[in-house]
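Enquirer: Based on what follows, work out the 3D shape:
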Amino acid sequence: MNTQTQVVEAPVKLKSAVGYIRESSEEQGKGYSPETQLKSIEDYAQKNNYELTGVYTDLISGRLASKRTEFQKMIEDAMQKKFDAILIFHSSRFARNVAEAKHYKELLRKKQGIDIISISQNFGDFNDPSSFLNESVNEIFDEHYSRQLSFWVRSALMMKRAKGKPIGGTPPFGYYRKRTGYDKNRKRPMYSEEWHIDEKKAKLIRRFFKMYSTGNYSLEKIATIFTREKHKTNYGNDWTYSTLKCTLANKSYLGLVYSPRKDLPDLPSKLHKAIISKELFDKCQDVLRARKHTCGRPVAQHRFYLLQGLLFCHHCFERLLKTKPAEKQIRPMQPNMYCETHKWTGGEKLFYACKFKRENDSCNQPMVNCKTLDSQVIDFMCGFNLPDDVIAMTTERLGEKFEELRAEKRQDDEVGKLLSKRKKLKFLFLNGDMSENEYLVDRQKIDAEIQRLKRQGVLQNMTKRVEIDFIRKTEKFLKNFPAFWNSEISREERREWIKLTLSQIWVKNNRVVAIQPRDEYKALFCSHKKVISQSPVVTHGILLPLLDRCPVRENSFPAGLRL
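Expert: Residues are numbered from 1 along each chain as shown. Here you go, the predicted structure:
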């Protein structure tokens, strides 16, 4: 009796993959639509035994990967090895910059073992020299096309400008464009090229120029008056000092094709008429020049502000949220806080203050002594905690760096060449062959390169025993960051660490009510257990309360923004 053995084939194990889709506005309708890319990627994954676990989509123009949020999120997930491959429709979808393409492909392929596959271009195995050459040639053509496209667009805009046609989509306050239809392909309304005068808004512009021309009103005072009268800009925001200053310089109100770029001349416009006279405009410029010599605060480079550029006013956030129109704002205002110094006979004190209080007197946030807020953020930073695997990767990379530097040639000759170049630069400056600004810029570049080479030389001269001791000290620092932060770090280094890890700090009265770490560092603040809210601005993010120093109630943030 013959027995038949049934062979059961093992199921094919699918590799996990994600798709990346990018469409620039200039390529719509040319075969690169998101729908076309997604359908092609899905078909490729199905035919080649890939399990498509997600899709990242960027619908923006621009060549730089740093400006593509979904691309950066994909790279972060790749670093955590959440998938085995990235599927793209065409090499130009991944990057249009040769340097960026090489950087990210090497990072993903060699460091993480994640391949990037262009489904419409059969490059083959990237380790094959011929495949590498083929892919590299395509990357060069992708960047060439991007640069060529930018050149064409720039030339077309300059030609349009030479014909007396304004450049830009939205006209300045006081003008509008009539809607002529709807573009179904680009899914956006179409408008006429001609700018028409909005008499109600133009009346406010004329009033502003007349008030300022008298010399009796400052820009801050006019902004305060307009805010109290509830006048709004084109974007539904309050008038501020900064907004009015830009309006004051805008020669479009003279009927000219104006650009803030100094290398472009002002040309008569054929598509819009003047709102104010040249006599009134010139009188305002005279007042502005006169006030520059008598008003304003001198820049003091020696003053140190730990949190400069990171603070936001929570009072203004709540106020702007209540007054925000029902429709979506195109350009919401940011309630930043600025730095201010008060002098007296005994010395000076440094403060943080809301810019809206200064620019249009619409905020009730009091000025806060810098030390008060600095101490709260310094305490918060003690919660920065690096995982063991990150510490291990850091020390391993440091060891690799020592090996690389040991194999390189000594840099003494390069330093000598730079010193000679710096001496020649000084000679040219003293003989009047270059301006002071050019000399300072070039001198700074040379000094920075000399310092880099000297540091490299120090590392190259280290013995193996000294290297091991250096790595051990680095590992000890990373494992005990709070102790280092409190005792062994300078204030300048503290500021760099804070700028590196935090993106927003929200202030109410004299307390820091919430802090938003940068995306890549959120998981490293392990000591703060409670996440109370999303970021109170448009971007998505988490806010960590200062639980020890500043207890925060969940209802302290507006409804609808809590997690």
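Enquirer: just checking, what packs against the helix or strand where residue 149 lies?
Expert: Assessed by DSSP states H and E, residue 149 sits inside helix 129-162. Applying 3 or more CB pairs under 8 Å, 6 or more residues apart in numbering; DSSP states H and E, we find helix 129-162 packed against helix 91-94, helix 98-106. Yep, even glycine has a C-beta here, placed from its N, CA and C like the rest.
Enquirer: Name the SS class of residue 271, please.
Expert: For residue 271, the secondary-structure state derived from DSSP: H, G, I helix; E, B strand; the rest coil is coil.
Enquirer: before we move on, what about the one 4 residues further on?
Expert: Secondary structure state of residue 275, per three-state DSSP, is coil.
Enquirer: OK, contacts around residue 87?
Expert: Residue 87 is in contact with 17-20, 41, 44-45, 50, 52, 117, 119, counting by CB atoms under 8 Å, 6 or more residues apart in numbering.
Enquirer: And residue 173, by the same measure?
Expert: Neighbours of residue 173 in contact, by CB under 8 Å, 6+ apart: 201, 204-205, 233-234, 247.
Enquirer: of all those residues, which comes closest to residue 474?
Expert: Proximity of the contacts of residue 173 to residue 474 was ranked by CB to CB; the top entry is residue 233 with 50.9 Å.
Enquirer: In contact with the closest one, which residues?
Expert: 173, 239, 243.
Enquirer: Make JSON lines out of those and add secondary structure and distance to residue 342.
Expert: Below are the contacts of residue 233 laid out as JSON lines (DSSP: H, G, I helix; E, B strand; the rest coil; distance: CB to CB, whole Å):
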{"residue": "173", "secondary structure": "coil", "distance to residue 342": "35"}
{"residue": "239", "secondary structure": "coil", "distance to residue 342": "27"}
{"residue": "243", "secondary structure": "helix", "distance to residue 342": "26"}
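Enquirer: Tell me the one of those residues nearest residue 306?
Expert: Residue 306 has its nearest neighbour among those in residue 243, at 28.8 Å by CB to CB.
Enquirer: can I assume the closest one is in contact with residue 223?
Expert: Yes. The criterion here is CB atoms under 8 Å, and residue 243 meets it with residue 223 at 7.4 Å.
Enquirer: what about those two, which has more around it?
Expert: Counted by other CB atoms under 10 Å, residue 243 and residue 223 do not tie: residue 223 has more neighbours, with 27 against 20.
Enquirer: any idea how far the more buried one is from residue 204?
Expert: Between residue 223 and residue 204 the distance, using CB to CB, to the nearest Å, works out to 12 Å.
Enquirer: just so I know, which of the helices and strands packed on helix 129-162 lies nearest residue 146?
Expert: helix 91-94 (7.8 Å).
Enquirer: List the contacts of that closest one.
Expert: In this structure, residues lying in contact with helix 91-94 by CB under 8 Å, 6+ apart are 20-22, 32, 37, 86, 88, 101, 104-105, 116, 118, 121, 135, 138-139, 142, 145-146.
Enquirer: Among the residues you listed, name the buried ones.
Expert: Buried residues within the contacts of helix 91-94, defined by neighbour count using 16 or more other CB atoms under 10 Å: 20-22, 32, 37, 86, 88, 101, 104-105, 116, 118, 135, 138-139, 142, 146.
Enquirer: where does the stretch 201-350 of the chain dip in pLDDT?
Expert: Residues of the stretch 201-350 of the chain meeting the criterion pLDDT under 70: 293-302, 323-332, 345-346.
Enquirer: So which residues of it form strands?
Expert: Here the stretch 201-350 of the chain has its strands, by DSSP state E, counting those that start in this stretch, at 256-257, 267-268, 311-313, 337-344, 347-354.
Enquirer: which strands and helices sit next to whatever helix or strand comes next after the last one?
Expert: Taking DSSP H and E as the definition, the helix or strand that follows strand 347-354 towards the C-terminus is helix 355-359. Under the contact criterion of 3+ CB pairs under 8 Å, 6+ apart, helix 355-359 touches helix 219-228, helix 241-249, strand 337-344.
Enquirer: circling back: would you tell me which one of the contacts of residue 233 comes nearest to residue 277?
Expert: The nearest member of those to residue 277, counting by CB to CB, is residue 173 at 18.0 Å.
Enquirer: Now the buried members of the contacts of residue 173.
Expert: Buried among the contacts of residue 173 (16+ other CB under 10 Å): 201, 205, 233-234, 247.
Enquirer: So which of the residues you listed is the closest to residue 467?
Expert: Of those, the one sitting nearest to residue 467 (CB to CB) turns out to be residue 233, at 58.8 Å.
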